[in-house]
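Asks: predicted model follows, preceded by the sequence.
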Amino acid sequence: MVSLRAATEGDIGFMMSAERQPGYDLLVGRFSAAEHLANLNDPAKAYRIAVSPDGEPLGFVLFRDINDPQDNLYIKRVVVAAPEKGTGTAMMRLALDWAFTTTSAYRIWLTHIPNNRRAHALYSKLGFQQEGVLRGAYGHRQDQRGDLVQMSLLKPEWDSVTSG
């Protein structure tokens, strides 16, 4: 069974390793150790680490804009160390529960690249609705730009998903 906990400075090595899996640079991006540390120390951001029953880290979610005055919480990054094992679904359910019960979030939103079908399927399964496409919003390689799909989930929608 997967559980969720706050990230610590000791998790930076795991997070960097998970981000550096083949193909993940385009799918989720990469932070340096200094950037992860700055995020950990930023009160407007929150990392949540998914762990196995024996405490092994399995993935992480990075929330941003915790103190947004309009109660819009942004998921900046979702990373699973070993995809296709159900960890992402379990981690995201726990992370969304945490966000909607611990913060004042009314709306949680995120973006992903259009060809990341696995992410889109997961977010849709969790109740996220596609809001649109941000054209040319992602500078992923030198002199290359790509679109981002924007999705969001409202608290009443999450309540409906979790009560049904």
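Replies: Received, thanks. As the structure is a prediction and not an experimental result, all values here were calculated from the model. Residues are numbered from 1 along each chain as shown.
Asks: for Lys125, give me its contacts.
Replies: Listed by CB atoms under 8 Å, 6 or more residues apart in numbering, the contact set of Lys125 reads Thr89. All C-beta spots, glycine's among them, are computed from the backbone N, C-alpha and C.
Asks: which phi and psi does it have?
Replies: With angles defined as degrees, to the nearest 10, Lys125 sits at phi -60, psi -30.
Asks: over to Asp25?
Replies: phi -60, psi -40.
Asks: same deal with the one 4 residues further on?
Replies: The main-chain torsion angles of Gly29 are listed as degrees, to the nearest 10 and equal phi 90, psi 180.
Asks: give the residue farthest from the middle of the protein.
Replies: Asp143 (26.0 Å; CA atoms, centre = their mean).
Asks: what sits against it?
Replies: Counted by CB under 8 Å, 6+ apart, Asp143 has zero contacts.
Asks: okay, and the beta partners of the most centrally placed residue in the chain?
Replies: For the chain, the residue sitting closest to the mean C-alpha position, by CA atoms, centre = their mean, is Val78 at 3.1 Å. Beta-bridge partners of Val78, counted by DSSP bridges, are Val61.
Asks: pretty sure it sits against Val28.
Replies: Yes - judged on CB atoms under 8 Å, Val78 makes contact with Val28 at a distance of 6.9 Å.
Asks: worst-scoring helix or strand of this protein, pLDDT-wise?
Replies: Ranking every helix and strand in the chain by mean pLDDT, DSSP states H and E puts helix 24-27 at the bottom, with a mean of 75.
Asks: C-terminal to that helix, what's the next element?
Replies: helix 33-40 (DSSP states H and E).
Asks: pLDDT averaged over that next one - what is it?
Replies: Here helix 33-40 scores 98 as its mean pLDDT.
Asks: what's that helix packed up against?
Replies: Applying 3 or more CB pairs under 8 Å, 6 or more residues apart in numbering; DSSP states H and E, we find helix 33-40 packed against helix 12-19, strand 45-51.
Asks: which residues are in contact with that helix?
Replies: Ala7, Thr8, Glu9, Ile12, Met15, Met16, Phe31, Lys45, Tyr47, Leu62.
Asks: again, 7 Å this time
Replies: Ala7, Glu9, Ile12, Met15, Met16, Lys45, Tyr47, Leu62 (CB atoms under 7 Å, 6 or more residues apart in numbering).
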